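Q: how does the following fold in three dimensions:
(one chain, ligands or ions: 1)
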Amino acid sequence: MLVGDAAGMVMATNGGGNNVAMIAGRIAGLTAADHLLDGTPLDAYETRWRAAVGGPLAQGVRIKKLADRFFGSDRLLEAAMVLIGRRRMARAIRCQRLLLPSAAKVL
Ligand SMILES: Cc1cc2nc3c(=O)[nH]c(=O)nc-3n(C[C@H](O)[C@H](O)[C@H](O)COP(=O)(O)OP(=O)(O)OC[C@H]3O[C@@H](n4cnc5c(N)ncnc54)[C@H](O)[C@@H]3O)c2cc1C
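A: Numbering: from 1, shown residues only. A predicted model of the protein is given here:
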């Protein structure tokens, strides 16, 4: 079971990985215990970490890919910042949905 940076569990928009590593580390530990106690397959770890942090991680990658289109040009970047506005920019950095309220956990 890979956890944290070794598993690529880093928020793409801000490089943060402490919270995700701790959450996934706990899930890995619990899954290992379940495996020993009742034979739960170790691949349950993947389902469990994806359910807990997969959404925000994937959202971060989507936002990063979108943002990369604007980073090459100061003008485009400035226009995008004006369009997006402060509130949505804050949501983007936190890997939350830009347009709809997110059900994702804030990491
Ligand atoms: C400069 C910097 C600033 C950061 N700031 C933030 C921040 O503000 N907020 C945030 O959320 N994230 C931040 N991060 C990212 C965060 O540090 C990592 O995502 C997080 O530490 C990942 O935890 P981890 O347990 O996966 O890996 P690590 O914390 O790197 O732990 C891995 C451990 O394994 C040890 N190790 C490596 N190889 C071996 C080996 N062969 N045998 C035994 N031990 C080994 C290492 O010494 C290390 O102690 C920052 C990263 C950097 C580099």
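Q: following element in sequence after the one helix or strand Met22 maps to, please.
A: Counting by DSSP states H and E, the element that carries Met22 is helix 18-38. Per DSSP H and E, helix 18-38 leads on to helix 44-49 as the next helix or strand towards the C-terminus.
Q: for the protein, which spans come out with low pLDDT?
A: 100-107 (pLDDT under 70).
Q: tell me, how many residues neighbour Leu36?
A: Around Leu36 there are 9 other residues, counting by other CB atoms under 10 Å. Every residue, glycine included, has its C-beta placed from N, CA and C.
Q: any idea how far it is from Phe71?
A: Separation of Leu36 from Phe71 (CB to CB, to the nearest Å): 47 Å.
Q: with Arg87 instead?
A: For Arg87, the distance to Phe71 equals 21 Å [CB to CB].
Q: does Leu77 touch Asp68 like I think?
A: No. Leu77 is not in contact with Asp68 according to CB atoms under 8 Å; the separation is 10.6 Å.
Q: the more surrounded of these two?
A: The residue with more neighbours, out of Leu77 and Asp68, is Leu77; 14 against 10, by other CB under 10 Å.
Q: residue contacts, that one?
A: Contacts for Leu77 (CB atoms under 8 Å, 6 or more residues apart in numbering) come out as Phe70, Phe71.
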